[in-house]
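Asker: Need the 3D shape of this:
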Amino acid sequence: MQLDEAKDKFIQAWGSLGSNWGINRTMAQVHALLLISPASLSADEVMEMLNISRGNANMNLRALIDWGLVTKEHKSGERRDFFYAEKDIWQVAQQVIIERRKRELKPVLRVLEEVREVDDLHTNPEAKAFVEAVNSLHTIVGQADKFLEIAVNADRSWFFETLFKMFNRKLQS
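Answerer: Next up, the predicted model:
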């Protein structure tokens, strides 16, 4: 396979993967392009390479900056901004976890904490069942949040060593 074909296939696959995770396909493709580019690219270069509009390129570059996956760079003598993606996949994974926790788990935890404060808990069986279900959800979501916090703060080798030990124990039992 030629390099250009391999790059295109990777960009398309990363875009599909991103859309499966609930991220805009074009945003994931822009990220993939920057991830495999050895040097930072301008918005015009991103536009041209992915065949997308200027507005689409700018919107997705801003979103990637908001996610902490891309940084904006200024080059001496250039009026344009250039964009660079973090190349360390462990760092990328940690940043995605941070953002997903902030955007998804934390809001759910806040809502679950709020809705479990129900009146008539001791006299209404429906209220009791509701609070039990919400508390159960809160426990599971809270445990997932704590696990992801550990993953974000963990050293790469410790995390994978621990994960492999857990799977080995499970397989041996």
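
Asker: Show me the shaky parts of this structure.
Answerer: Low-confidence regions of the chain, defined here as pLDDT under 70, cover residues 159-160, 162-164, 166-167, 170, 173.

Asker: if we go to 80?
Answerer: Along the chain, the model assigns pLDDT under 80 to residues 20-22, 121-122, 154-173.

Asker: Mind giving me the packing neighbours of the strand or helix carrying Glu126?
Answerer: Element membership of Glu126 [criterion: DSSP states H and E] is helix 125-153. Counting contacts by 3 or more CB pairs under 8 Å, 6 or more residues apart in numbering; DSSP states H and E, helix 125-153 is packed against helix 89-100, helix 106-115. Just so you know, the C-beta spots here come from the backbone N, C-alpha and C atoms, and that holds for glycine as well.

Asker: by how many degrees do it and helix 89-100 diverge?
Answerer: Using axes from the mean of the first three to the mean of the last three CA atoms, to 10 degrees, one finds that helix 125-153 and helix 89-100 are set 150 degrees apart in direction.

Asker: ok, back up a step: wait, which of the helices and strands packed on helix 125-153 is closest to Ala43?
Answerer: Evaluated over the helices and strands packed on helix 125-153, closeness to Ala43 peaks at helix 89-100, with 20.8 Å, by CB to CB.

Asker: Show me what that closest one is packed up against.
Answerer: The elements that helix 89-100 packs onto, with contact taken as 3+ CB pairs under 8 Å, 6+ apart, are helix 125-153.

Asker: Surely Glu73 forms part of a strand?
Answerer: Yes: with DSSP: H, G, I helix; E, B strand; the rest coil as the criterion, Glu73 is located in a strand.

Asker: And for it, the neighbour number?
Answerer: Residues contacting Glu73 under the criterion other CB atoms under 10 Å number 14.

Asker: So what sits opposite it in the bridge?
Answerer: As for beta bridges, Glu73 partners with Phe82 under DSSP bridges.

Asker: I'd say it and Ile65 touch.
Answerer: No: counting by CB atoms under 8 Å, no contact exists between Glu73 and Ile65, whose distance comes to 11.2 Å.

Asker: What residues sit buried inside the helix holding Glu126?
Answerer: Across helix 125-153, burial judged by 16 or more other CB atoms under 10 Å covers 131, 134, 137-138, 141, 145, 148, 151.

Asker: And the furthest pair within the residues you listed?
Answerer: When the buried residues of helix 125-153 are compared pair by pair using CB to CB, the two farthest from each other are Val131 and Ala151, 30.1 Å apart.

Asker: can you list the domain ranges for the chain.
Answerer: Domain assignment for the chain, taken from automatic domain parsing, gives 3-85, 89-172.

Asker: winner for burial among those?
Answerer: domain 3-85 (a mean of 16; mean count of other CB atoms under 10 Å).
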